[in-house]
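Student: Give me a 3D structure for the following:
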Amino acid sequence: MTGRREFLLFVGCALMPQAHAQVRRREVRVAGRRIKTIDVHAHCVIPEAEALMKHKSAGVYAITWEERLKRLDAQGIDLQALSINPTWYALERDLATKVIELQNERLAELCAQHRDRLVAFASVALQYPDLAAQQLEQAVKKLGLRGAAIGGSVEGEELSEAKFHPFWAKAEELGVLVFMHPQRTPDLANRLRGNGGLENTIWNPLETTLALSHLIYEGTLDRFPGLKLCAAHGGGYLASYADRSDHICLTFPERCAAVPLKKKPTEYLRQLYYDTLVFSPEALRHLAAQVGTSQLMLGTDDPFGWTSTAVEHVFDTPGLSDAERAAMLGDTAAKLLRL
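Tutor: The predicted structure is shown next:
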């Protein structure tokens, strides 16, 4: 590879084989067993693809591999699963095809260069579900990527709509993990203005809550029972008030009659997966009680700085067994990512 290509592969930074600053790599152990910790929620961008879309790559993404590696070592994270937040759902088909091809090839090259520290989710042009299915299959079978990263909606369209069935069918067929991250939409832009960054604070978890609720109530999870779907930010608000999802069907059964479900809405929560980015031990304890510890995986939202204590978060959560902590820290992700 040329020096320039190395420069463009990873969030606008050089990947030259240089020693990073001396930070001792923290090793995480549970009951004396060395755990390979895996972060399933970590972002990057590919500057060449950003240029194709005429986006500006700057800000928080402008970190070097050396800086990221130092942070991983200090936090005790052995491996990250990289994803790129979709910003291409409005692109026409030819350009979207070029962007996705470039991104997935660069992600594969990056992971090959850092096999012991990185894997990646493929990008897909979900606005064209047939194309997205093809892109996912190629990325998994030819490039060695571990699944797909998608938004929680596609230009205002819900992921439960029938047009997206070809993508879900392919993901189920391949048996790969799909990582769903909230997608910005203009729907509530007026109400989210003002102090507090509500377009992030409120909207991101709300988008995920809406997406998962539609997938449940519209029967998508019944249609594709083998789907492996991981929702960012602990699944949004859904698990925090989950029983209301059951009671709407009890109190107003006509509102759940259009698509008869095979089980109670809350039961579907235990077939989905979630990251642990919920900030407090009590929040993580409640999430685990609601969805099951087997459905939780470490998440940091790197490089956005939401947490530097993701490992401690799991250890500080009360009521977990050693096996449950080990599963959340890395064992479950290792199985789903086929490591």
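
Student: Can I get stretch 34-49 in PDB? Just the C-alpha atoms.
Tutor: What follows is stretch 34-49, C-alpha atoms only, in PDB (Å, rounded to 0.1, in the frame of the first residue of the first chain):
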ATOM      1  CA  ARG A  34      -8.200 -13.700  31.100                       C
ATOM      2  CA  ILE A  35     -11.100 -12.200  29.200                       C
ATOM      3  CA  LYS A  36     -10.800 -10.900  25.600                       C
ATOM      4  CA  THR A  37     -12.900  -7.700  25.900                       C
ATOM      5  CA  ILE A  38     -14.800  -6.700  22.800                       C
ATOM      6  CA  ASP A  39     -16.300  -3.300  22.200                       C
ATOM      7  CA  VAL A  40     -19.200  -3.600  19.700                       C
ATOM      8  CA  HIS A  41     -20.000   0.100  19.500                       C
ATOM      9  CA  ALA A  42     -17.000   2.100  18.000                       C
ATOM     10  CA  HIS A  43     -17.100   4.500  15.100                       C
ATOM     11  CA  CYS A  44     -14.800   5.600  12.300                       C
ATOM     12  CA  VAL A  45     -15.100   7.300   8.900                       C
ATOM     13  CA  ILE A  46     -13.200   6.700   5.600                       C
ATOM     14  CA  PRO A  47     -12.100  10.100   4.300                       C
ATOM     15  CA  GLU A  48     -12.000   9.000   0.700                       C
ATOM     16  CA  ALA A  49     -15.700   8.000   0.900                       C
END
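
Student: buried sites along stretch 237-252?
Tutor: Using 16 or more other Cβ atoms under 10 Å as the test for burial, stretch 237-252 gives 237-240, 242, 245, 249. All C-beta spots, glycine's among them, are computed from the backbone N, C-alpha and C.

Student: these two touch, right, Leu79 and Thr37?
Tutor: Yes. Here Leu79 reaches Thr37: they are 7.3 Å apart, a contact under Cβ atoms under 8 Å.

Student: Touching both of these two, which residues are there?
Tutor: Jointly contacting Leu79 and Thr37 under the rule Cβ atoms under 8 Å, 6 or more residues apart in numbering are Gly330.

Student: and those two? which has more neighbours close in?
Tutor: Thr37 (26 against 23; other Cβ atoms under 10 Å).

Student: quick one: pLDDT of that one?
Tutor: Per-residue pLDDT puts Thr37 at 98.

Student: which residues does it contact?
Tutor: When contacts are counted by Cβ under 8 Å, 6+ apart, Thr37 is found next to 28, 76-79, 298, 311, 329-330.

Student: Show residues contacting the longest helix belonging to the chain.
Tutor: Longest helix in the chain, counting residues (DSSP state H): helix 93-113. When contacts are defined by Cβ under 8 Å, 6+ apart, helix 93-113 is touched by residues 1, 5, 8-10, 15, 46, 48-49, 52-53, 82, 84, 88, 91, 118-120, 122-125, 127-128, 131, 135, 138-139, 143-145.

Student: In strands, which of those residues fall?
Tutor: 82, 118-120, 122-123 (DSSP state E).

Student: Let's have these in JSON lines, adding neighbour count and pLDDT.
Tutor: Listed next are the ones in strands among the contacts of helix 93-113 as JSON lines, based on neighbours: other Cβ atoms under 10 Å; pLDDT from 0 to 100:
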{"residue": "Leu82", "neighbour count": "25", "pLDDT": "98"}
{"residue": "Leu118", "neighbour count": "22", "pLDDT": "97"}
{"residue": "Val119", "neighbour count": "23", "pLDDT": "98"}
{"residue": "Ala120", "neighbour count": "27", "pLDDT": "98"}
{"residue": "Ala122", "neighbour count": "28", "pLDDT": "98"}
{"residue": "Ser123", "neighbour count": "31", "pLDDT": "98"}
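
Student: For these, which two are the farthest from each other?
Tutor: By the measure Cβ to Cβ, Leu118 and Ser123 form the most distant pair in these, at 15.3 Å.
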